[in-house]
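Participant: what would the 3D arrangement of this be:
(chains A and B)
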Amino acid sequence: MIILREIIQELFYGKTRTILTIAAIAWGTFAIAATLAIGEGLRLKFSETMANAGDRLLTVSSGVTSKNYRGMSANQPLKLTKQDSMAIAALPNVKGVTIQYEFGTMMHYQERRSYGHFRAVAPEYATIHNIKVGSKQRFLSVLDLQKRSSVVVIGAVMADKLFPGEDPAGKIVHIDNRLFTIIGVMQKKSQMSGGMPDEYFNWIPVSTYELLKNPEKIDLIAVAYKDFKALLQLKANIQKVVAFNHGASPDDASVVNFSDIAEEQEKVNKFFINMQIFLGIIGGLTLLLAGVGIANVMYAAVRRETHQIGVRMALGATTKNILFRYIYESLVATFVGGIVGIVMAEIFVYVVRLIPFKGELIRFTGKPEPVLSVLVLAIVIVVLGIIGLLAGLFPALKAAKIDPAEALIYE
Amino acid sequence: MNEVIAELHNIGKTYHTGKVNFEALRGINLKIERGEYIAILGPSGSGKSTLMQIIGCLSTPTVGSYFLAGKEVSKLSGDELAKIRNLYIGFVFQKFNLMPQMTAVDNVALPLVYRGIKTEERRKQAKDILRHIGLGQHFSHHANELSGGQQQRVAIARALVTNPEIILADEPTGNLDSKSGAEIINLFGEFNAKGKTVIIITHDVSMARHAKRIIEIQDGSISASR
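Facilitator: As a prediction, this is how the structure comes out:
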């Protein structure tokens, strides 16, 4: 059969056309591989960032009634209570429930002071929200909850304001004119969802807050659940339970508001997959154009080599021999270009990783890096194969149809 | 009497170009025996090239039948004809028709590629023939590094490498000076002496004289045979 050596001789015999064609394929491959790598890098980075906001967590906040029901009139704001949280905790698919209060007040340390956002939470909050504190520090504990301790974990923003260049751990601060001991400082993390990033918050035990303020309204009920598939059912149940507790219509969807991190993550993931498909199509079109280029070059080659093809046929070449010869030639050109393109993309990925990025946009996300994954490479190779095959097939079919008697006369 | 290697029965070939029909050959009857040395002689437009195409299985006749090595080949498909050509016919062309991008050895080995012979074996066979034909020094030369006479000898080596029944040469000296031409004529004489069937198509009477039988073609039919 036709050997590679001959194909390569053939390819480099008409150097200019071959080099131009290979360059076109290389560029197309580079375009598709680089865009896919960027897309993949962004997607991976963002899904990691989303996971940092905590997954499998549904937060419930109070809403407003939307219809009259028995004694209840429309447009009544609801206030979530402990009774609601206990009822939710008893529902199926619920792993655990924590309640949360939010407030804002000044924090003082010696002569310095700063306004802070506070959350009164349970110890589980740290696990759910991926909050980590420095070494030899700790987050709120069950003991803190039981003893209603006056301890606080501060966020990075507060740490920067009140303790520039100092270690805040162990320091005593005033919050709302009461003394609190700082037991931990939250370590920075990448986070893109869930509203205001966690580093803007400070945390005290929920029981301590209840003791001090005796609040009548719960701001948030965080529900950790087991099965994502049964999430819709869980939401419906929660809505019914809350409506029942407050005497609202069980069909009133607006009595509670939900915020679901897993769902948001799903959306962001979908967005990035769509973006990659879009980028892939652009890269694919570039490659397709290069493929049309190859097909053109091959057509020209077949025209120019008509006489040669006739000679080969006279010597015994069958249709299959001629067909494969041009398809191979096209595939070899495509893959040589493809390898050059992939190497270029590898270099591009390497160089981009070396560039230090700074900017507001990536402040919370960390630096996205392009990733030339196995999937990306597999896509590129399959696309190259198809394009090489098609670009070679049509000229090859034309070549195989040549009549040797006519071709031998043709100069 | 020798075995008949090729037999043409009432062969006719008509070309259809638009509404015009052109009858290139009509009523050709010809028997060729193994080991013959034949010249097909005729002016251009006489139909001798068409006859060569049919004898060489490059095209099929419109009417009539053609037996080659005992097989009816006039109704075969293109790919079947390709196999027949590869097995039985060694072509030598006026313009040599070497592949310019290949070395002498690769050119000679080319018909063996289509026979499915392995690279090493076919290169060995090609080298043997080239050596035999006096081109042992030119294995890795490309066509443009060889003289016309040398190129035609490479082409003859290519025709011989498959050990064909018939060597079919179309104006083999037409592009050569008289000295190189004479060398080529001598080679054909040599093969014929070894029992090979040689058919030369020419318009040149002095060239035809080297053959043992001359068949003259005029206006698509055989006008004389001697």
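Participant: run through the chain and note the low-pLDDT ranges.
Facilitator: No chain was given, so I picked chain A. Flagging of chain A using pLDDT under 70 yields the residue ranges A:1-3, A:5-17, A:47-55, A:190-195, A:261-262, A:265, A:356-368, A:410-411.
Participant: please refer instead to chain B.
Facilitator: Along chain B, segments meeting pLDDT under 70 span B:1.
Participant: got the residues of chain B near chain A?
Facilitator: Within reach of chain A by Cβ under 8 Å from any Cβ of the partner chain, chain B has these residues: B:49, B:53, B:56, B:58-59, B:78-79, B:82-83, B:85-87, B:91, B:93, B:97, B:99-102, B:106, B:110-111, B:113-116, B:119, B:158, B:162. Where you see a C-beta, it was placed from the backbone N, CA and C, and this is true even at glycine.
Participant: in strands, which of these fall?
Facilitator: Secondary structure defined by DSSP state E assigns B:Phe91 of the residues of chain B next to chain A to strands.
Participant: for PyMOL, what selects the buried ones among the residues of chain B next to chain A?
Facilitator: Buried residues within the residues of chain B next to chain A, by 16 or more other Cβ atoms under 10 Å in any protein chain shown, are selected in PyMOL with:
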select buried, chain B and resi 49+53+56+58+59+78+82+83+85+86+87+91+93+97+99+101+102+106+110+111+113+114+158+162
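Participant: for the stretch 251-400 of chain A, which segments count as helices?
Facilitator: For the stretch 251-400 of chain A, the helices defined by DSSP state H, counting those that start in this stretch cover A:261-304, A:306-314, A:319-354, A:374-400.
Participant: mean neighbour count, the ones you listed: which tops it?
Facilitator: Burial of the helices of the stretch 251-400 of chain A is given as mean neighbour count (mean count of other Cβ atoms under 10 Å in any protein chain shown); helix A:306-314 ranks first at a mean of 23.
Participant: can you tell me the helix or strand for residue 27?
Facilitator: You didn't say which chain, so I picked chain A. Taking DSSP states H and E as the definition, A:Trp27 sits inside helix A:15-52.
Participant: not quite, go with chain B.
Facilitator: Going by DSSP H and E, B:Gly27 is part of strand B:20-33.
Participant: so what touches that strand?
Facilitator: The contact list for strand B:20-33, computed with Cβ atoms under 8 Å, 6 or more residues apart in numbering or on different chains, reads B:1-16, B:38, B:47, B:50-51, B:54-55, B:61, B:64, B:166, B:197, B:199, B:215, B:220-222.
Participant: what pairs with it, and is each one parallel or antiparallel?
Facilitator: strand B:4-17 (antiparallel) (DSSP bridges).
Participant: how far does the partner strand sit from the chain's center?
Facilitator: 16 Å (Cα atoms, centre = their mean, to the nearest Å).
Participant: what's the longest strand in chain A?
Facilitator: Using DSSP E, we find that the single longest strand of chain A is strand A:94-109.
Participant: quick check: buried residues in that one?
Facilitator: Using 16+ other Cβ under 10 Å as the test for burial, strand A:94-109 gives A:94, A:97-101, A:103, A:107, A:109.
Participant: thinking again about what came up before, buried set for the strand holding B:Gly27?
Facilitator: The neighbour-count check on strand B:20-33 (16+ other Cβ under 10 Å) flags B:24-26, B:28, B:30, B:32 as buried.
Participant: let's have those residues in JSON lines, adding distance to A:Ile294.
Facilitator: JSON lines is the format used below for those (distance: Cβ to Cβ, whole Å):
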{"residue": "B:Ala24", "distance to A:Ile294": "39"}
{"residue": "B:Leu25", "distance to A:Ile294": "42"}
{"residue": "B:Arg26", "distance to A:Ile294": "47"}
{"residue": "B:Ile28", "distance to A:Ile294": "46"}
{"residue": "B:Leu30", "distance to A:Ile294": "48"}
{"residue": "B:Ile32", "distance to A:Ile294": "47"}
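Participant: ok, so of the residues you listed, who is nearest chain A?
Facilitator: B:Ala24 (11.1 Å; Cβ to the nearest Cβ).
Participant: of the contacts of strand B:20-33, keep whichever come out buried.
Facilitator: Neighbour counting with 16+ other Cβ under 10 Å marks B:5-9, B:11-13, B:38, B:47, B:50-51, B:54-55, B:61, B:64, B:166, B:197, B:199, B:215, B:220-222 as buried within the contacts of strand B:20-33.
Participant: and for A:Leu315, the neighbour number?
Facilitator: The number of residues packed near A:Leu315 is 28, by other Cβ atoms under 10 Å in any protein chain shown.
Participant: sorry, back to before: give me the sheet partners of the longest strand of chain A and which way each runs.
Facilitator: Here, using DSSP bridges, strand A:94-109 pairs with strand A:112-121 (antiparallel), strand A:172-175 (antiparallel), strand A:220-225 (antiparallel).
Participant: related to what we said a few turns ago, now the helix or strand following the strand holding B:Gly27: how far from the chain's centre is it?
Facilitator: Toward the C-terminus, strand B:20-33 is succeeded by strand B:37-41 as the next helix or strand (DSSP H and E). Relative to its parent chain, strand B:37-41 has a centroid offset of 11 Å by Cα atoms, centre = their mean.
Participant: before we move on, what about stretch A:150-162?
Facilitator: 30 Å.
Participant: ok, now stretch A:275-285?
Facilitator: 17 Å.
Participant: how about the CA coordinates for it, as PDB?
Facilitator: Taking Å, rounded to 0.1, in the frame of the first residue of the first chain, the C-alpha atoms of stretch A:275-285 are listed here in PDB:
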ATOM      1  CA  MET A 275     -19.900  29.700  26.400                       C
ATOM      2  CA  GLN A 276     -17.500  26.800  25.600                       C
ATOM      3  CA  ILE A 277     -19.800  25.500  22.900                       C
ATOM      4  CA  PHE A 278     -19.900  28.900  21.400                       C
ATOM      5  CA  LEU A 279     -16.100  29.300  21.500                       C
ATOM      6  CA  GLY A 280     -15.800  25.800  20.200                       C
ATOM      7  CA  ILE A 281     -18.000  26.600  17.300                       C
ATOM      8  CA  ILE A 282     -16.000  29.700  16.500                       C
ATOM      9  CA  GLY A 283     -12.800  27.700  16.600                       C
ATOM     10  CA  GLY A 284     -14.500  24.900  14.600                       C
ATOM     11  CA  LEU A 285     -15.500  27.400  11.900                       C
END
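Participant: nothing else from me, thank you.
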